[in-house]
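> Fold the following and give me the result.
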Amino acid sequence: MTITGYSDRINHALAFAAKHHDQQVRKGTRLPYLTHPANVAVILTRYGRDDETVVAGILHDVIEDCVRESYTRAMLEQRIGDKFGHGALDTVLEVTLRRVDDDGVELAHDDRYDDYMERLAGASDRARWVSAADKVHNASTILADLRRTIDPQSVWSRFTGGKDDTIRGYRRVYDRLRAIGFTGEIMHEFGHVVTALENWTEATHAAELSS
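Residues are numbered from 1 along each chain as shown. A predicted model of the protein is given here:
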């Protein structure tokens, strides 16, 4: 495995993500969406992941979030494959929520997450690393925002499922990765941040009951 912290390919991936996530912001904030894939790349680099994994981490949301009038899903897949290779494309597809299953049947919103969990079992090691890094950054950001705010609901209101569903979702991915035998060093950090979110919620609930 060739370990890298920077390469022209990574720089190219960041530019590509910046173009396609242009005008997108993080939920409930004014932060450019690019801060998320960039932080996923930082996390993967911190754990010594190779260039191919870091590139996939940067591009992991492009197909899922950037389909629009000028770019169909097929066009985005072709662009990623042409520019970054089919290894990177395959990893991105492994961590992309699908709208239709293998038989072409459209998946309901909740079923897309069940499908994602199922596909993790057959996903590559690179895809599992990207999945974990994605969730570590998202969960860590929520936890940091909760610790800074005096109004927790302003944080949870960003998410369709609210507090309980959001935390349960992170726990579910963590447990699934463990169950399928993923032992990457990042799992310690992932488990820590999920537990911290759960503990914060329990402590806040207890404080509300006693007030």
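
> mind listing what's buried in stretch 188-206?
E189, F190, G191, V193, V194, L197, W200, T201 (16 or more other C-beta atoms under 10 Å). Every C-beta, even on glycine, is put in place using the N, C-alpha and C of the backbone.

> If we only consider those, which is nearest to E64?
Using C-beta to C-beta, F190 comes nearest to E64 of those, at 20.3 Å.

> and the closest one, what does it touch?
Applying C-beta atoms under 8 Å, 6 or more residues apart in numbering to F190 gives the contacts A132, K135, V136, A139, Y174, L177.

> ok, now with 7 Å
A132, K135, V136, Y174 (C-beta atoms under 7 Å, 6 or more residues apart in numbering).

> Format these as JSON lines; extra columns: pLDDT, secondary structure and distance to G85.
Formatted as JSON lines, the contacts of F190 follow (pLDDT from 0 to 100; DSSP: H, G, I helix; E, B strand; the rest coil; distance: C-beta to C-beta, whole Å):
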{"residue": "A132", "pLDDT": "98", "secondary structure": "helix", "distance to G85": "22"}
{"residue": "K135", "pLDDT": "98", "secondary structure": "helix", "distance to G85": "25"}
{"residue": "V136", "pLDDT": "98", "secondary structure": "helix", "distance to G85": "25"}
{"residue": "Y174", "pLDDT": "98", "secondary structure": "helix", "distance to G85": "29"}
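
> just those residues now: which is nearest F84?
A132 (20.7 Å).

> residue ranges for the helices of this structure, please.
Assigned by DSSP state H, the helices in the chain fall at 8-20, 35-46, 51-59, 62-65, 73-84, 86-94, 109-120, 125-148, 152-156, 162-179, 186-210.

> Mean neighbour count, those helices: which tops it?
helix 51-59 (a mean of 28; mean count of other C-beta atoms under 10 Å).

> returning to that earlier point: which one of the contacts of F190 is nearest A123?
For those, the nearest to A123 is A132 (11.1 Å; C-beta to C-beta).

> correct me, but the closest one touches L177?
Yes - with contact defined as C-beta atoms under 7 Å, A132 reaches L177; the gap is 6.2 Å.

> Identify the contacts common to those two.
What both A132 and L177 touch, as defined by C-beta under 7 Å, 6+ apart, is the set M187.

> how about low-confidence regions in the chain?
The chain contains residues with pLDDT under 70 at 1-4, 205-211.

> if I pick the residue at minimal distance from the centre of it, what's in contact with it?
In the chain, the residue lying closest to the centroid (C-alpha atoms, centre = their mean) is D134, at 3.0 Å. Neighbouring residues of D134 by C-beta under 7 Å, 6+ apart: V40, H60, V95.

> can you name the two of the buried residues of stretch 188-206 that are farthest apart?
For the buried residues of stretch 188-206, the farthest-apart pair by C-beta to C-beta is E189 and T201; their separation is 19.0 Å.

> Sweet, I'm off.
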